[in-house]
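Student: Sequence and predicted structure are below.
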Amino acid sequence: MVPQRHERYYFDDGNVIFLVEDTLYNVHRYFLKRDSPVFQTMFSQPSGTSGEGESDDNPITLEGIKSADFANFLSCIYPSNLGQGDLTTYEEWSAALELAVRWEFNSVRDFIVRRMKDTGTLAEQVAMARRLDMQQWCWDACTKLCQRAKPLTLEEGQRLGVEDTVRISQVRENLRVHPRVGKNGDLQGYRVEWGSPMELEYDFNSKRHDNDTLFEVKQTLCLPELPYVYRCFVTFDFSSH
């Protein structure tokens, strides 16, 4: 199949041409180098073939990426709707986020996460945050699920999976069951009361966390060990670019 130019992201003044599946993209090298150390490295390496990326006949091929996903990612760099972005579905934002993380576009990554917090369900956010090892985001979404009055739904359970559903349900129950304390401050046997959940606030920037309840909750939820640790699967062969 003869590659076709993308109807939106083939710019007349672009200066680097990529081939993704059967689609050609002509974009601006400046934005890629400015915001991504991955592309900085790629563009700093000597090209394997003369003029690679300079013409439709000799583009830089991005392997293992879907054209639609690359277009979703580029919409975050070239938005027509400034401040909000052009994507509308969870799947589109997810695809863009995967590439932003893979190529270490941190500012684009943070923008997408903010938009996904506004548009995605809490279960979707937990699933994506776990997938990308984003601890703070995972904690924020889990906290809202644990503290809200509405129980987990079947759809949320299917999205979260069995393990996360059980973990979050356990925390929800623990936060709502309070020992009954007498007037003298003593526990009245083993009787407990079902009440409003305890509030969860966890400072990831602090080196000390003295609240045993928060520590237990974090351990129960099995959050990623470090904040914003990403698995970057870069498909470029730098020796050829």
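Tutor: Right, received. Where do you want to start?

Student: residue ranges with poor pLDDT in the protein?
Tutor: Judged by pLDDT under 70, the chain has its weakly predicted residues at 47-49, 178-213, 225-241.

Student: where exactly do the helices run in it?
Tutor: If you assign secondary structure with DSSP state H, the helices in the chain sit at 29-35, 37-44, 67-77, 90-102, 106-119, 122-131, 135-147, 154-160, 162-176, 212-221.

Student: can you redo the ones you listed as a markdown table with mean neighbour count and distance to residue 57?
Tutor: In this view, the C-beta of every residue, glycine as well, is placed from N, C-alpha and C. Putting the helices of the chain into a markdown table (neighbours: other C-beta atoms under 10 Å; distance: least, C-beta to C-beta, whole Å) gives the following:
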| stretch | mean neighbour count | distance to residue 57 |
| --- | --- | --- |
| helix 29-35 | 15 | 18 |
| helix 37-44 | 16 | 20 |
| helix 67-77 | 20 | 19 |
| helix 90-102 | 21 | 25 |
| helix 106-119 | 18 | 30 |
| helix 122-131 | 21 | 37 |
| helix 135-147 | 21 | 42 |
| helix 154-160 | 15 | 44 |
| helix 162-176 | 17 | 49 |
| helix 212-221 | 15 | 52 |
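
Student: Output those helices as CSV; include the columns distance to residue 16.
Tutor: Rendered in CSV, the data for the helices of the chain read as follows (distance: least, C-beta to C-beta, whole Å):
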stretch, distance to residue 16
helix 29-35, 4
helix 37-44, 8
helix 67-77, 12
helix 90-102, 16
helix 106-119, 17
helix 122-131, 29
helix 135-147, 31
helix 154-160, 38
helix 162-176, 41
helix 212-221, 42
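
Student: domain ranges for the chain?
Tutor: The chain breaks down by automatic domain parsing into domains covering 1-134+228-241, 135-223.

Student: gap between residue 104 and residue 39?
Tutor: Noted for residue 104: a distance of 9 Å to residue 39, by C-beta to C-beta, to the nearest Å.

Student: Revised request: answer the last question for residue 27.
Tutor: 11 Å.

Student: so what sits against both of those two?
Tutor: Overlap of the contact sets of residue 27 and residue 39 (by C-beta atoms under 8 Å, 6 or more residues apart in numbering) is empty.

Student: Could you check the helices of the chain and tell me which one is nearest residue 5?
Tutor: Each of the helices of the chain has some distance to residue 5 by C-beta to C-beta; the shortest is helix 67-77, at 11.6 Å.

Student: Next, the contact list for residue 51, please.
Tutor: By C-beta under 8 Å, 6+ apart, the contact set of residue 51 is residue 58.
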